[in-house]
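A.B. asks: Got a sequence here, can you build the structure:
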Amino acid sequence: MILINRVWNKNDFVDFRKYLFTIANKDYKEFTSKLTPGESKFIGISIPVLKSIAKDIAKGDYKSFLLIECLYHEEKMIKGLVISYIKDFDLYLNYMYQFVKEVDNWAICDCVVQSSKLYKKNLEKGWVFVNYCLSSNEEYIIRVGIVLMLTYYINDNYIEDVLEKAAEVKFEAYYVKMAVAWLISVAFVKYSHKVIPMLKKDFDKFTNNKAISKIRDSFRVSKDLKEYITKYRIK
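C.D. replies: Just a heads-up that it's a prediction; the model follows:
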């Protein structure tokens, strides 16, 4: 199917879905569906292939493609990736405000966020969107905000705000807690002196102990420091 320089209509979306099923892999579908609980139905296409498809679509009339109503995980992933490849940050944000409402699992969240490389040069503008996500009552929208912080904002200018925001997240959902633990472990690598005082104090038992486990699994943390932080586990 030709994807580059395409203008999309409703019939094209039908043909596109049929095309996705022709390149599906049954074994990969079973693997992905078990690894990625959520609301989406799965076709069975690997992330590298989805990224390649999204990049081709982004070279054409991607605005018409983004009108697609997604039924499957892979369609949502491609839609999010197309948005992540937009070169205008304001336009990217406009689409993201709507797209995050469609995110229904951790894989779409993490892949789209970490593909949004334009964020690196637009941290101040992007911080407003981070706060929007963190103020949500939806598990995966909150996770988008957390993953944005750990991906792009672990630096001298934002670390205080990031850690403060992380400590303020009090949302009883597994993938939110896991994202906070991930953020703490990433921040610890460079800012252990700021993170250590927060352990055993600012996070619930699950998040605190998961963060410590992730820190101890890191190749970027010294053996001595890994041993030291075990005393901060909550029993």
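A.B. asks: Tell me which residue is most central in this structure.
C.D. replies: By Cα atoms, centre = their mean, the chain has its centre lying nearest to Asp110, at 2.2 Å.
A.B. asks: secondary structure class for that one?
C.D. replies: Secondary structure assignment for Asp110 (DSSP: H, G, I helix; E, B strand; the rest coil): helix.
A.B. asks: Quick check: chain neighbours aside, which residue is closest to Asp56?
C.D. replies: Leu3 (3.9 Å; Cβ to Cβ, 6 or more residues apart in numbering). All C-beta atoms are positioned from the backbone trio N, CA, C, and that covers glycine.
A.B. asks: quick one: the one you found and Ile57 touch, right?
C.D. replies: Yes - counting by Cβ atoms under 8 Å, Leu3 does reach Ile57; the two are 5.4 Å apart.
A.B. asks: the more surrounded of the two?
C.D. replies: Using other Cβ atoms under 10 Å as the criterion, Leu3 and Ile57 rank with Ile57 on top: 25 against 20.
A.B. asks: starting at the chain centroid, how far to whichever strand or helix holds the more buried one?
C.D. replies: Element membership of Ile57 [criterion: DSSP states H and E] is helix 47-58. Relative to its chain's centre, helix 47-58 lies at 17 Å (Cα atoms, centre = their mean, to the nearest Å).
A.B. asks: average pLDDT across that helix?
C.D. replies: Mean pLDDT, helix 47-58: 95.
A.B. asks: Tell me the buried residues in that helix?
C.D. replies: By 16 or more other Cβ atoms under 10 Å, the buried positions in helix 47-58 come out as 49-51, 53-54, 56-58.
A.B. asks: State the next helix or strand along the chain beyond that helix.
C.D. replies: The helix or strand immediately downstream of helix 47-58 is helix 62-65, counting by DSSP H and E.
A.B. asks: residues near the residue lying closest to Val113 once chain neighbours are set aside, how many?
C.D. replies: Closest residue to Val113 apart from its sequence neighbours, by Cβ to Cβ, 6+ apart: Val147 at 4.5 Å. Each residue near Val147 was counted by other Cβ under 10 Å, and the total is 24.
A.B. asks: Also Arg17?
C.D. replies: Quick note: Arg17 (other Cβ under 10 Å) scores 16 neighbours.
A.B. asks: just checking, what packs against the helix or strand harbouring it?
C.D. replies: In the assignment (DSSP H and E), Arg17 maps to helix 10-22. Here helix 10-22 touches helix 73-84, going by 3 or more Cβ pairs under 8 Å, 6 or more residues apart in numbering; DSSP states H and E.
A.B. asks: between the helix it packs on and helix 47-58, how many degrees?
C.D. replies: Counting by axes from the mean of the first three to the mean of the last three Cα atoms, to 10 degrees, helix 73-84 lies at 50 degrees to helix 47-58.
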